[in-house]
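**Student:** here you go, sequence then predicted model.
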Amino acid sequence: MVWPALVCAVLAAAAPYQSDMAAVAALPGQPHVVSAAGLSADEAAILTLENPSAFDPAVVARRLVLLGANDQATADAVVAAVRWLKTSAPKAIRDRWIASALPLPRFRAEDTQSLTRWLTFQAPDLVVQVGGDAVQLEGVRVERIAVDDATAALQKLLSADIAASAAHQTILARIRRDPLDIARLLAKRYPETPSISYIPAVSWVNTLQLAAVTGDESLRARVIEQVRPWLSEGRQLFGDRIQLTAVAGTIVFADLAASENAAVALAEEGARLASAEKSPGVAQYGGGWTDDMFMATTVLARTGLRPGREQDFDVAARLLTAYAARLQRDDGLFNHASDGPAAWGRGNGFAAMGLTEALTALPANHPQRAAILAIYRRQMTAALKQQAPDGMWREVVDESGAYREETATAMLMTAMARGVRLGWIDRSYAPAVDRAWRALAAHVRDDGTIVDVCASTGSGPTRKYYLERPALTGADDRGGAMALLASMERATRPSSRPRAARSSAGRSVRSVR
């Protein structure tokens, strides 16, 4: 990506190294993208030079990360070293190495995650610290060179025979896993805490799909066992306070309705509550946020497929168009809420998946289908422009310094992949889907734990509120569910046709799982 003239002009008026970064990025070769690794104390983006191959197993070159210290001299030296690599380094070095760089790591003192996060997911084989104290990064060789004569020292280092790092090999191994293998890993682990909520239900419905695809009945049996208290033991679906996030949990009963008679009434109760409006186009049990676009629609898109329940499609369409009218910005992204002025990552994922669920289920002749498709396409166009160099989407989608977040990536990738597969958007989006999938896979560890899931977030009054939401790493029902959703979509190849399912009346319907 070559930066637009306006952005280059802004950088040219800033610190010298920033102007030089834009000029170096524009030179032929890699790195060619100016991005960011985090935010400084004054909320400025901490700029980076990156390439799009961090998670590309086809790239055989060794990966170098150049890191400055917290002063102008080292920043200038790092940018100069990248210029040398792209223009003057011996061909053998240019053929063997591909670089990224963080010239001025001015992270807040309390920010202990951003530098390590960025370094790790650049998948380096070698980190070279120019000036300052050498950082520590597990599984990666780190070298320190002085600012004076940095180019000569770097040439000596890069001329040596340096093997692929353990950290890089770990990431490559994650990326090379088959989507169904990742799905199996996640389906056997999540949810760890069963409840009637959208989070366990996303895992359950995709586990049911995995069971159908693989013929592994133990997976279906696990779902049945976890939902048994509500399905056959009489436990109430909801407590005294009904929330749309819980109503969305009834999607599992919609997907079980064809084979479990008791599931029908539970699914229909979910549809009744998802359809309720406290004012026209505002879900009664929601928060008025983009979350509602998914929570209501994912239920209604399923129940609307059953004979006699076609009106559920009408409600879903009305809610989606009304929420989009309030929350979709001119650029196509969604603010989280009318009083939440930020394109929160998972909030955009909720909007995208709500639209996707509706488009998957709505009949071709539904009067609101064209309007919903237009909303979806506007968002996908905007999301494509905001994808990070490595394929991730960020915790605040249009803030380059926001951390790269797992659930936003999983949901936007799924929505985009299904659009390509079913022809809602053209094949020019397919490379972005591929990059997003590899990035997501890199964030799913071999034990099923997940890296960098944004914590649960309500509506906030400022952009800063969203930027300060913490990232969680470890066992996480939400992150695991969304990765499982994306894995199942990825396992459905773009050339395949929509899978067919049968309603209880025997009519053929498209799968919306």
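**Tutor:** Everything's here; your move.

**Student:** all strands of the stretch 151-300 of the chain, in order?
**Tutor:** Taking DSSP state E, counting those that start in this stretch as the criterion, the stretch 151-300 of the chain carries its strands at 277-279, 282-283.

**Student:** turn the ones you listed into JSON lines, including distance to D314.
**Tutor:** Bear in mind the C-beta positions are built from the backbone N, C-alpha and C, glycine included. Compiled in JSON lines, these are given as follows (distance: least, Cβ to Cβ, whole Å):
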{"stretch": "strand 277-279", "distance to D314": "12"}
{"stretch": "strand 282-283", "distance to D314": "15"}
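
**Student:** select, out of those strands, the one closest to S195.
**Tutor:** Counting by Cβ to Cβ, S195 lies closest to strand 282-283 out of the strands of the stretch 151-300 of the chain; the figure is 20.0 Å.

**Student:** quick one: the helices in the stretch 151-300 of the chain, in order.
**Tutor:** Along the stretch 151-300 of the chain, the stretches classed as helices by DSSP state H, counting those that start in this stretch are 166-175, 179-189, 198-214, 217-231, 244-247, 251-256, 261-275, 291-303.

**Student:** out of those helices, indicate the one that is most buried.
**Tutor:** Per-residue neighbour counts averaged over each of the helices of the stretch 151-300 of the chain give the maximum for helix 291-303, namely a mean of 29 (mean count of other Cβ atoms under 10 Å).

**Student:** any chance of JSON lines for the helices of the stretch 151-300 of the chain, columns distance to V142 and mean pLDDT?
**Tutor:** As requested, those are arranged in JSON lines below (distance: least, Cβ to Cβ, whole Å; pLDDT from 0 to 100):
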{"stretch": "helix 166-175", "distance to V142": "11", "mean pLDDT": "97"}
{"stretch": "helix 179-189", "distance to V142": "30", "mean pLDDT": "98"}
{"stretch": "helix 198-214", "distance to V142": "38", "mean pLDDT": "98"}
{"stretch": "helix 217-231", "distance to V142": "43", "mean pLDDT": "98"}
{"stretch": "helix 244-247", "distance to V142": "44", "mean pLDDT": "98"}
{"stretch": "helix 251-256", "distance to V142": "47", "mean pLDDT": "98"}
{"stretch": "helix 261-275", "distance to V142": "52", "mean pLDDT": "98"}
{"stretch": "helix 291-303", "distance to V142": "42", "mean pLDDT": "98"}
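
**Student:** shouldn't V59 be within a helix?
**Tutor:** No: remark: V59 does not belong to a helix; assigned using DSSP: H, G, I helix; E, B strand; the rest coil, it is coil.

**Student:** how many other residues sit next to it?
**Tutor:** 16 (other Cβ atoms under 10 Å).

**Student:** pull the number of nearby residues for the nearest residue to it once chain neighbours are set aside.
**Tutor:** Nearest in space to V59, with sequence neighbours left out and distances taken as Cβ to Cβ, 6 or more residues apart in numbering, is S53 at 4.3 Å. By the other Cβ under 10 Å criterion, the neighbourhood of S53 contains 20 residues.

**Student:** do the one 4 residues further on as well
**Tutor:** One way to gauge burial is a neighbour count; for P57, by other Cβ under 10 Å, it gives 12.
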